[in-house]
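In: 3D, please:
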Amino acid sequence: MNGICTLANDTVYDQLIALLNSIEVILGSNTPVCIYPFDDEIQQIQAELANRPNVFLYEDSESIQRWDEFMQAAAPERLNRQKFRLYGAHRRFCAFDGPFERFIYMDADTLVMNSLDSVFEKLNESDFVVYDFQFTDPTKVYNISSPKLLKVFEHNRINSEIFCSGFYGSKQGLFDKYTREWLLAQLHSGEAEILYEGAGEQPFLNYMVMKTGISSYNLARSLADNLKTGCSVTSKHFQEQDFILYDKGNRLTYIHYIGVQPDLIRRVCAGENIEFPYRDLFLHYRYLREPEKRPVFTEPLMSYADVSAPNLLQRVLRRLRIN
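Out: Residues are numbered from 1 along each chain as shown. The predicted structure is shown next:
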């Protein structure tokens, strides 16, 4: 069985609802969706699932513990909740245990914009399918200053095979016990130093795919230039029509609100008039089932840059309109 997977807790509740609504509209209301718990803060999500029979929480505690232990052995520092914002991001790896034979994983801060049939079709030929341009910037995956990097992976592989972990298609059972133990042994032998330290699970997933040599395919590298599209809100040229984004006439497969922090999304949904890329599109899908709850903005528009990391005093002053 095929299905869609995502990772969430109540911190990204608004993004999750928008994603689920986009799946319902674009892929169909019967599309099975599995949510992997980022942590135990999932009370809002659990309440919402009563209204979504096609969506369910992953409850295989042995699988969750298995991947928690894998990350504990691979990089215990990344599980520190006080120091590391993405401490639960590795739980997306549970998708390799089940429940779908073939799956597409999407971060909670993404929206489906088109059919995903082409991704599932490519899984007939490859074990791992992505559609992004992370290969143009390896610095967010590997420590390019490490002298060991080019001893582990050839230069051409680094420039062509790395990917963003926010969207990918893959298959159940790729990382069994033997493979996980072998990967840990390689990391412990000194290869851990080639991984970029400033991200959660993304460097590890890239390493796991590339080190095991499973067949991978990137649509962004393979499609003709006149057919491929972008996928990130950092691209400002997308055009919207009927709540779908297009890139030079081609319909996007998905849009990733990368860099738009959950706190900012919560503030906008609470009524703060803060600009961020493709905001109206996000709000459309977020409130598709409950349009009466969509925020009505009454204060002047604030730019995303001005409020991306404000302190409490700045926020109070803005509310008082004296700053």
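
In: just the helices in the protein please.
Out: 13-26, 43-48, 61-74, 117-122, 149-152, 155-161, 177-188, 202-212, 219-222, 262-269, 279-286, 304-307, 312-320 (DSSP state H).

In: quick one: which of these is nearest His256?
Out: helix 13-26 (10.6 Å; CB to CB). Just so you know, the C-beta spots here come from the backbone N, C-alpha and C atoms, and that holds for glycine as well.

In: can I get the strand ranked longest in the chain in PDB? Just the C-alpha atoms.
Out: Longest strand in the chain, counting residues (DSSP state E): strand 2-8. Provided in PDB are the C-alpha atoms of strand 2-8 (Å, rounded to 0.1, in the frame of the first residue of the first chain):
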ATOM      1  CA  ASN A   2       1.100   3.500  -0.800                       C
ATOM      2  CA  GLY A   3       0.700   6.400   1.600                       C
ATOM      3  CA  ILE A   4       1.900   9.900   2.700                       C
ATOM      4  CA  CYS A   5       3.900  10.400   5.900                       C
ATOM      5  CA  THR A   6       4.700  13.500   7.900                       C
ATOM      6  CA  LEU A   7       6.300  14.400  11.200                       C
ATOM      7  CA  ALA A   8       4.500  16.800  13.700                       C
END
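
In: neighbouring strands - and their directions - for it?
Out: strand 33-37 (parallel), strand 102-106 (parallel) (DSSP bridges).

In: how distant is it from the center of its chain?
Out: Relative to its chain's centre, strand 2-8 lies at 10 Å (CA atoms, centre = their mean, to the nearest Å).

In: contacts for that strand?
Out: 15-16, 19, 23, 27, 31-38, 42, 45, 88-89, 91-92, 95, 99-108, 116, 120 (CB atoms under 8 Å, 6 or more residues apart in numbering).

In: now, of these, which are buried?
Out: Among the contacts of strand 2-8, those scoring as buried are 15-16, 19, 23, 27, 31-38, 42, 45, 88-89, 91-92, 95, 99-100, 102-108, 116 (criterion: 16 or more other CB atoms under 10 Å).

In: remind me which residues of the stretch 201-323 of the chain are low pLDDT?
Out: 308-323 (pLDDT under 70).

In: how about the helices of the chain in JSON lines, adding distance to Tyr246?
Out: As requested, these are arranged in JSON lines below (distance: least, CB to CB, whole Å):
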{"stretch": "helix 13-26", "distance to Tyr246": "14"}
{"stretch": "helix 43-48", "distance to Tyr246": "30"}
{"stretch": "helix 61-74", "distance to Tyr246": "37"}
{"stretch": "helix 117-122", "distance to Tyr246": "16"}
{"stretch": "helix 149-152", "distance to Tyr246": "38"}
{"stretch": "helix 155-161", "distance to Tyr246": "27"}
{"stretch": "helix 177-188", "distance to Tyr246": "40"}
{"stretch": "helix 202-212", "distance to Tyr246": "28"}
{"stretch": "helix 219-222", "distance to Tyr246": "16"}
{"stretch": "helix 262-269", "distance to Tyr246": "24"}
{"stretch": "helix 279-286", "distance to Tyr246": "12"}
{"stretch": "helix 304-307", "distance to Tyr246": "23"}
{"stretch": "helix 312-320", "distance to Tyr246": "35"}
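
In: and Phe101, how far is that from Asp176?
Out: One correction, residue 101 is Glu, not Phe. 15 Å (CB to CB, to the nearest Å).

In: list the contacts for Leu149?
Out: When contacts are counted by CB under 8 Å, 6+ apart, Leu149 touches Tyr142, Asn143, Ile158, Ile194.

In: could you redo the last one with a cut-off of 10 Å?
Out: Pro138, Tyr142, Asn143, His155, Ile158, Glu191, Glu193, Ile194, Leu195 (CB atoms under 10 Å, 6 or more residues apart in numbering).

In: between these, which is closest to Cys231?
Out: Once CB to CB is applied, the member of the contacts of Leu149 that ends up nearest Cys231 is Pro138, at 17.9 Å.

In: isn't Phe167 right next to Met113, touching?
Out: No. Using CB atoms under 10 Å, Phe167 is not in contact with Met113; the gap is 11.3 Å.

In: joint contacts of the two?
Out: Joint contacts of Phe167 and Met113 (CB under 10 Å, 6+ apart) are Cys231, Thr253, Tyr254.

In: for the second one, what are phi and psi?
Out: Note on Thr253: its backbone torsions stand at phi -80, psi -40 [degrees, to the nearest 10].
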